[in-house]
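Asks: Fold the following for me, if possible:
(chains A, B, C and D)
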2 protein chains.
Amino acid sequence: MVKLIDVARTAGVGAGTASRALSGNGSVDRETKERVIAVAKQLGYSPDVAARALRERRTRTIGLLLPDLANEFYTASVAVLQQELSDAGYQLVIASTGNDPSTERIALQTMIDQRVEGIVHVPVDADLVLPTTVPIVQLNRQSASRQAAAASDDLAGVDELTTAIVHAGHRDIAVIVGPTGFSTSRNRLLGALRAAERAGIPQSERPLDGARLRVRHAPLTVDGGAQAVAQLFPDLPSCLIALSSRLVMGALRECGDRGIHVPESLSLAGYGDPDWFSIWRPGITTFAPNLTEMGRQAARLLLAQLAGEETGPPALIPGKVQVRGSVTGLSAG
Amino acid sequence: MVKLIDVARTAGVGAGTASRALSGNGSVDRETKERVIAVAKQLGYSPDVAARALRERRTRTIGLLLPDLANEFYTASVAVLQQELSDAGYQLVIASTGNDPSTERIALQTMIDQRVEGIVHVPVDADLVLPTTVPIVQLNRQSASRQAAAASDDLAGVDELTTAIVHAGHRDIAVIVGPTGFSTSRNRLLGALRAAERAGIPQSERPLDGARLRVRHAPLTVDGGAQAVAQLFPDLPSCLIALSSRLVMGALRECGDRGIHVPESLSLAGYGDPDWFSIWRPGITTFAPNLTEMGRQAARLLLAQLAGEETGPPALIPGKVQVRGSVTGLSAG
DNA sequence: TTCCGTATTGGAATCGATTCCACGCCACAA
DNA sequence: TTGTGGCGTGGAATCGATTCCAATACGGAA
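Replies: Numbering: from 1, shown residues only, chains lettered A, B, ... in the order given. Coordinates of the predicted model:
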């Protein structure tokens, strides 16, 4: 591997001059500079990252820590994130936690030991706090602490989705949502509750004036969604809102197994927007968070922090309600 | 940040001894060793990766280069890959190419400049060859050159899938497959052709004794799949094989739009096995490559190469044919 | 007792790029 | 002519961990 000193000698200059010529720091005669650059190119010189990192005391590296690399809900954001950080001259190193808080803690510590300059974190554990000064941006989640964060505005989004459902005439609604431990689950639920309250629909197990909103918590899995539907059966609402794409899958499976037709017998709304939501017959009406924008904002927030700028309150990224066929209007009465 | 020399001084030993105590290389008095380790732990020492990399001339870093981070077909493999490499003490740095060959070339060169010790590559460009000695393992694709590779045995898998379809009584079959430029597309197609030939089904546009196999190439997108179906219409086969999950989506969409019922009017088989394949009514019969095993094998191959071992021929990972409801048996005659 | 081999140790050299420092040189002003 | 300032330059110091080397100590053999 060709070193800086080789370039310098070949160009007939000192190491310092060669370094200045290539980096642009400090003054070098224009002609000399061009000669050094030409020699470097010809010899195929590329600086040794380790030596540079050691001297400059910076690694140009950003860590990404997420629960599950195979979950497209996360990776959709990661794609842009990677692009933005790469454009800014940073390498992205990744680690996944498998949704395990202790693995998460270890992985985070490992990254810090690796001297990453910043971390993008999709947290599992609610309020993991590390004794570090490394800038951390949380993605897809607003932490209690006032760390920088980029998250989907699920509250407003699910509110809007629910409101659309109410406007379609539904007043008997059931919501399936993940465990309350996740702030994401809480926010999505709050959006539904807020919309229901505004519409005068009480949170209740039994209908009052034909109106009620029931809430079921379930693990964020296909089976979780299916079981929630099974438990509602046969006292089904007129519209079911499943607040994660996995829960939607479970609900659809259970409806299929029980011969419940969507939307004829049951309207269904979801959260997220994987490709198949729009292919399904009927198309799944859903709130689609803007995952790419979340990734972009996370990158920007982190870069801003690295530049020493103060970051404001967590960025709430608006999404879009996709109205498709799985929620029908009800005939009056 | 606490340095090795700090640990050494606090423990009352020299730098060399401290290094030996912590790394285990060279002999250190047992008592001294324990003392150094205790001090290091107490001070929260962690070695500077840059300094170590500079001295040892190795970065403990592996590059991963793939076309699209948001494509779960790839990321399913990446999850295990990351785990295996992490267990072996390597960091994974990622870059994505957006399916652009020139971006791919640049990203690959950048990784090599970064002194990664090995590269896992999901290639876009057919036969990109770089002047480097860095071990590279190709994932999901067998290159013409004899680089190490871990790929799904699509040939055997699609053969088996097609054979099952033939055994169900189908003799009028159409195959939708991606551009011939991708070796993956070629292999999948070859599997179907081989099975058809064995069954005595000719590749032909017009049926001979009621039997034919038609091939349509389409871009690997939803629209591509839909258009391929549209072009077949109304002369539909009895069974359609769409050799990528995106093509399946497109086919399903087009069938829905045209009122073609699966499987009553048209049997459909696919490739890959995203979650929704099993939820769909009817479930999609498909060949499911073993993505996690591919990731694992890629990691193992790379680690073997790093250990200086010779790697044999490309690892062909068997998958599994999932028989569901989208392909029906035909009544005799 | 003397000598040799082994275990243990501290300190110096090393990895390669950056940056500080000091020097030479030239232009311009006094 | 003599300073003053700035540009351009080479060389040395620096970053922190590892490893080589020489030195010391000690046990056992001759």
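
Asks: Next one: A:Trp276 relative to B:Ile279, how far apart?
Replies: 9 Å (Cβ to Cβ, to the nearest Å). Where you see a C-beta, it was placed from the backbone N, CA and C, and this is true even at glycine.

Asks: who has more neighbours, those two?
Replies: Using other Cβ atoms under 10 Å in any protein chain shown as the criterion, A:Trp276 and B:Ile279 rank with A:Trp276 on top: 24 against 20.

Asks: Contacts for the host helix or strand of A:Leu247, please.
Replies: According to DSSP states H and E, A:Leu247 maps onto helix A:245-258. Contact partners of helix A:245-258, identified using Cβ atoms under 8 Å, 6 or more residues apart in numbering or on different chains, comprise A:73, A:176-178, A:218, A:220-230, A:233, A:240, A:242, A:260-262, A:266, A:268, A:270-274, A:277, A:280, A:284, A:286, B:275-276, B:279, B:281.

Asks: just checking, next helix/strand downstream of it?
Replies: strand A:267-271.

Asks: so what does the helix or strand following that next one touch, helix or strand wise?
Replies: Per DSSP H and E, the first helix or strand lying C-terminal to strand A:267-271 is helix A:276-279. On a contact count with 3 or more Cβ pairs under 8 Å, 6 or more residues apart in numbering or on different chains; DSSP states H and E, helix A:276-279 meets helix B:245-258.

Asks: and the angle for the helix it packs on with strand B:267-271?
Replies: 160 degrees (axes from the mean of the first three to the mean of the last three Cα atoms, to 10 degrees).

Asks: How far off centre is helix B:245-258?
Replies: Remark: helix B:245-258 is offset 24 Å from the chain centroid, using Cα atoms, centre = their mean, to the nearest Å.

Asks: just stretch A:256-269 next, same as before
Replies: So, by Cα atoms, centre = their mean, the centroid of stretch A:256-269 is 30 Å from its chain's centroid.

Asks: So which bits of it are buried?
Replies: By neighbour count on 16 or more other Cβ atoms under 10 Å in any protein chain shown, the buried set for stretch A:256-269 is A:Gly256, A:Arg258, A:Ile260, A:Val262, A:Pro263, A:Leu266, A:Ser267, A:Leu268, A:Ala269.

Asks: Stretch A:312-328 too?
Replies: Buried, per 16+ other Cβ under 10 Å, within stretch A:312-328: A:Pro314, A:Ala315, A:Leu316, A:Ile317, A:Gly319, A:Val321, A:Gln322, A:Arg324, A:Ser326, A:Val327, A:Thr328.

Asks: now, among these, which is nearest to chain B?
Replies: Relative to chain B, the closest of the buried residues of stretch A:312-328 is A:Arg324; by Cβ to the nearest Cβ it sits at 12.4 Å.

Asks: I'd assumed A:Asp159 was in contact with A:Asn187.
Replies: No - between A:Asn187 and A:Asp159 there is no contact under Cβ atoms under 8 Å: 10.1 Å.

Asks: and A:Val124, how many neighbours?
Replies: Neighbour count for A:Val124, taken as other Cβ under 10 Å: 22.

Asks: pLDDT weak spots in the stretch 101-250 of chain A?
Replies: In the predicted model of the stretch 101-250 of chain A, residues A:125-129, A:142-146 satisfy pLDDT under 70.

Asks: For the closest residue to chain B within it, which non-adjacent residue is spatially closest?
Replies: Residue of the stretch 101-250 of chain A nearest chain B, by Cβ to the nearest Cβ: A:Asp113 (4.0 Å). Leaving aside its chain neighbours, A:Asp113 sits nearest to B:Ser46 (4.0 Å; criterion: Cβ to Cβ, 6 or more residues apart in numbering or on different chains).

Asks: which SS class is the one you found?
Replies: Under DSSP: H, G, I helix; E, B strand; the rest coil, the three-state class of B:Ser46 is coil.

Asks: That one - how many residues pack around it?
Replies: Residues lying near B:Ser46 (other Cβ under 10 Å) number 15.
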